[in-house]
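Trainee: based on what follows, work out the 3D shape:
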Amino acid sequence: MQWLYLSMALIAGVLLSTQAAVNSQLAKSLLQQPLLAAFISFLIGTLLLFSIVLFKGQLPTLQLLPQQAWWKWTGGLMGAFLVCSSIIVAPKVGVANMLLFIIMGQLCAGLLIDHYGWLNMPLKPIDLSKIMGMGIIILGLLVFFFGHKWLKF
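Mentor: This next block holds a predicted model:
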């Protein structure tokens, strides 16, 4: 079953890259309006998700919404920032460069969330292998960004 979740994560990564490029082109065709492109992206996603919720008959659970802690409502804000940022950043620095920094941010935040159990997540302490892995990733980033200057063949 683990392979299913890892496959979903891999597909999500592919879609994040593709989404940045697609939404950037949408913004370009809308006279360079990244906020409008982000809005359209979220609108289409919202309609899809609402349709799925209706299909699965999950509307009765909406009555639980007012009982949620304030911070549980911030995911949409984070998603909006991510989508809007990717629309603006991808054409300026390239999709791969943008994603390297997104991935670094994700890994750093993920390590801290796991280590401290923030946001009610299970504790998964930072260990030497994770620190070494981050070091390798940072080294990989340096090679990715500056390798063409260092490795002239």
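Trainee: Three-state assignment for Leu123, please.
Mentor: With DSSP: H, G, I helix; E, B strand; the rest coil as the basis, Leu123 sits in coil.
Trainee: pLDDT score assigned to it?
Mentor: pLDDT, Leu123: 96.
Trainee: skipping adjacent residues, who's closest to it in space?
Mentor: Gly117 (4.4 Å; CB to CB, 6 or more residues apart in numbering). Backbone N, C-alpha and C define where each C-beta goes, glycine included.
Trainee: what number of residues lie near the one you found?
Mentor: Neighbour count of Gly117, defined by other CB atoms under 10 Å: 12.
Trainee: ok, now how distant is it from Ile87?
Mentor: 33 Å (CB to CB, to the nearest Å).
Trainee: with Ile131 instead?
Mentor: To Ile87, Ile131 is 34 Å away according to CB to CB.
Trainee: neighbour-wise, which of the two wins?
Mentor: Ile87 (26 against 11).
Trainee: so which strand or helix has the more buried one?
Mentor: Using DSSP states H and E, Ile87 maps to helix 75-93.
Trainee: which ones are touching Phe145?
Mentor: Listed by CB atoms under 8 Å, 6 or more residues apart in numbering, the contact partners of Phe145 are 97, 100.
Trainee: per-residue pLDDT, it?
Mentor: For Phe145, pLDDT reads 81.
Trainee: which SS class is it?
Mentor: On the three-state scheme (three-state DSSP), Phe145 is labelled helix.
Trainee: can you pull the phi/psi pair for the residue nearest to Leu123?
Mentor: With angles defined as degrees, to the nearest 10, Gly117 sits at phi 70, psi 30.
Trainee: how near is it to Pro125?
Mentor: Gly117 is 10 Å from Pro125, by CB to CB.
Trainee: now for the two: what residues contact both?
Mentor: Joint contacts of Gly117 and Pro125 (CB under 8 Å, 6+ apart) do not exist.
Trainee: please save the CA atoms from the one helix or strand in the chain whose mean pLDDT sits lowest in CSV.
Mentor: Within the chain, no helix or strand scores below helix 128-150, which has a mean of 88 by mean pLDDT, DSSP states H and E. Extracted C-alpha coordinates of helix 128-150, given in CSV (Å, rounded to 0.1, in the frame of the first residue of the first chain):
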residue,chain,number,x,y,z
LEU,A,128,21.7,11.8,11.3
SER,A,129,20.5,10.2,8.0
LYS,A,130,18.0,13.1,7.5
ILE,A,131,20.7,15.7,8.2
MET,A,132,23.1,13.9,5.8
GLY,A,133,20.3,13.8,3.2
MET,A,134,19.7,17.5,3.5
GLY,A,135,23.4,18.1,3.1
ILE,A,136,23.4,16.0,-0.1
ILE,A,137,20.4,18.0,-1.4
ILE,A,138,22.1,21.3,-0.7
LEU,A,139,25.2,20.0,-2.5
GLY,A,140,22.9,18.9,-5.4
LEU,A,141,21.4,22.4,-5.5
LEU,A,142,24.8,24.0,-5.7
VAL,A,143,25.8,21.7,-8.6
PHE,A,144,22.4,22.3,-10.3
PHE,A,145,22.8,26.1,-10.1
PHE,A,146,26.5,26.6,-10.4
GLY,A,147,27.8,23.3,-12.0
HIS,A,148,27.9,24.8,-15.5
LYS,A,149,30.5,27.3,-14.2
TRP,A,150,32.5,24.7,-12.3
